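K.L.:
model the following, please.
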Amino acid sequence: MVDNPNFSHVTKLHPCFNEKIHDKVGRIHIPIAPKCNIQCGFCTRKLDDKEDRPGVASEIMDIDNAIKHIHNVVDDGQPINVVGVAGPGDSLYNEDTFKLFQKVGEEFPEMILCMSTNGLLIPDCIDDIIRSGVKTVTITINAIDPDIGIQIYDDIHYHGKLYHGKEGFEILLNNQLKGIELLSQAGIIVKVNSVLIPEVNDEHILDIAYEVKQRGASLMNILPLIPLNKFKGHKFPTCDDVSKVRDEVEQIIPVFRACTLCRADAFGIPGKHEQDFSLGVTPRSHY
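P.N.:
Got it, this is the predicted structure:
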């Protein structure tokens with residue numbers, strides 16, 4: 001059961017929150033957020049034309065080029081319902097995110113505004129998020145147990161200080177959980193992404209599901225680890241591994257199963273390869 005009263009109204013148009021329209025309508029990710037305030041052990045951010053994964057974009061856009069890009073994609077006739085910021089860093093750690101949303105709201109008022117974040121700055125930015133008109137927020141939460149969290153998260157930059165270990169993880173977790181509460185109280189739909197890391201948090205994601213459901217999240221998305229950074233060479237979860245956890249989590253909270261692990265500059269219908277746009281300011285679309 002979904003508690004947020006806005007869930008049906010918004011998600012019937014959002015391909016990353018509604019599996020029934022995932023292959024029918026599109027979204028556009030704007031790569032306008034290069035900086036990140038935490039270091040996840042599996043994350044490597046980069047500018048690249050070839051890698052098909054989160055944290056990758058062909059370029060970092062400014063506001064003007066981003067708006068041009070949206071116009072060109074929409075004018076090309078692609079069925080775009082959502083404009084989102086998904087990196088390649090953290091959306092809330094980059095001031096251009098809200099500047100972009102203001103401009104999109106003026107020029108494309110029909111678009112759903114969406115962001116992905118690690119959640120560290122949600123309590124600090126909640127008023128800006130509400131004012132921006134954002135309707136959906138995805139928060140990546142990979143642990144609620146400090147002993148597991150310190151295996152996944154390294155550096156936490158917060159309020160001008162660098163934190164490590166349990167101290168840093170507890171700041172991150174407290175803000176993530178408080179962020180879910182604040183967003184859901186404001187009527188903003190929250191999806192929680194959890195990266196399944198075999199032998200680290202694979203038996204812990206059910207605990208995450210219980211906690212985020214209680215805090216007000218409406219949906220979860222279980223993603224397989226892409227072994228990079230300090231997890232390079234780590235065991236890659238099998239389809240059975242992911243399916244088992246999804247089935248368990250679905251007894252607690254609805255699970256989104258159609259994620260394509262798309263890039264920070266992806267656009268179009270998820271999972272479908274679109275023709276590249278011949279604009280110097282437009283990133284290529286990869287799936």
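K.L.:
now do residue 214 against residue 135, distance only.
P.N.:
22 Å (Cβ to Cβ, to the nearest Å). Heads up, the C-betas are built off the backbone N, CA and C, glycines and all.
K.L.:
give me the number of residues near residue 75?
P.N.:
Using other Cβ atoms under 10 Å, the number of residues around residue 75 comes to 8.
K.L.:
got the contact list for it?
P.N.:
Counting by Cβ atoms under 8 Å, 6 or more residues apart in numbering, residue 75 makes contact with nothing.
K.L.:
quick one: residue 213 from residue 136, how far?
P.N.:
From residue 213 over to residue 136 the distance is 17 Å, taken as Cβ to Cβ.
K.L.:
so between those two, which is more surrounded?
P.N.:
Between residue 213 and residue 136, counting by other Cβ under 10 Å, residue 136 is the more crowded of the two (25 against 20).
K.L.:
pull the number of nearby residues for residue 180.
P.N.:
When neighbours are counted by other Cβ under 10 Å, residue 180 registers 26.
K.L.:
how about the one 3 residues further on?
P.N.:
With neighbours defined by other Cβ under 10 Å, the count for residue 183 comes to 25.
K.L.:
the strands in the chain, which residues?
P.N.:
26-29, 38-40, 46-47, 56-57, 80-85, 112-117, 136-140, 153-158, 161-163, 189-196, 219-224, 267-268 (DSSP state E).
K.L.:
can you check which of these gets nearest to residue 103?
P.N.:
Minimum separation from residue 103 across the strands of the chain (Cβ to Cβ) falls at strand 80-85, 10.0 Å.
K.L.:
so what are the sheet partners of the closest one and their directions?
P.N.:
Partner strands and pairing direction for strand 80-85 (DSSP bridges) are strand 26-29 (parallel), strand 112-117 (parallel).
K.L.:
from the middle of its chain, how far away would it be?
P.N.:
What separates the centre of strand 80-85 from the centre of its chain is 12 Å, taken as Cα atoms, centre = their mean, to the nearest Å.
K.L.:
which one, of the strands of the chain, ends up nearest to residue 253?
P.N.:
strand 219-224 (5.3 Å).
K.L.:
give me the pLDDT value at the spatially most central residue of the chain.
P.N.:
Closest to where the C-alpha atoms of the chain average out (Cα atoms, centre = their mean) is residue 116, at 3.1 Å. Looking at residue 116, its pLDDT reads 95.
K.L.:
what's opposite it in the beta bridge?
P.N.:
Counting by DSSP bridges, the residues bridging with residue 116 are residue 138.
K.L.:
so, low pLDDT: which residues of this structure?
P.N.:
Low-confidence segments of the chain (pLDDT under 70): 1-13, 15-16, 18-24, 271-287.
K.L.:
which stretches of it form helices?
P.N.:
7-11, 63-75, 96-107, 122-132, 146-152, 165-185, 205-215, 239-249 (DSSP state H).
K.L.:
figure out which of these is closest to residue 263.
P.N.:
helix 63-75 (14.0 Å).
K.L.:
between the closest one and strand 80-85, how many degrees?
P.N.:
Orientation check (axes from the mean of the first three to the mean of the last three Cα atoms, to 10 degrees): helix 63-75 against strand 80-85 gives 160 degrees.
K.L.:
what angle separates helix 63-75 from helix 96-107?
P.N.:
50 degrees.
K.L.:
residues of helix 63-75 that come out buried?
P.N.:
65, 66, 67, 68, 69, 70, 72, 73, 74 (16 or more other Cβ atoms under 10 Å).
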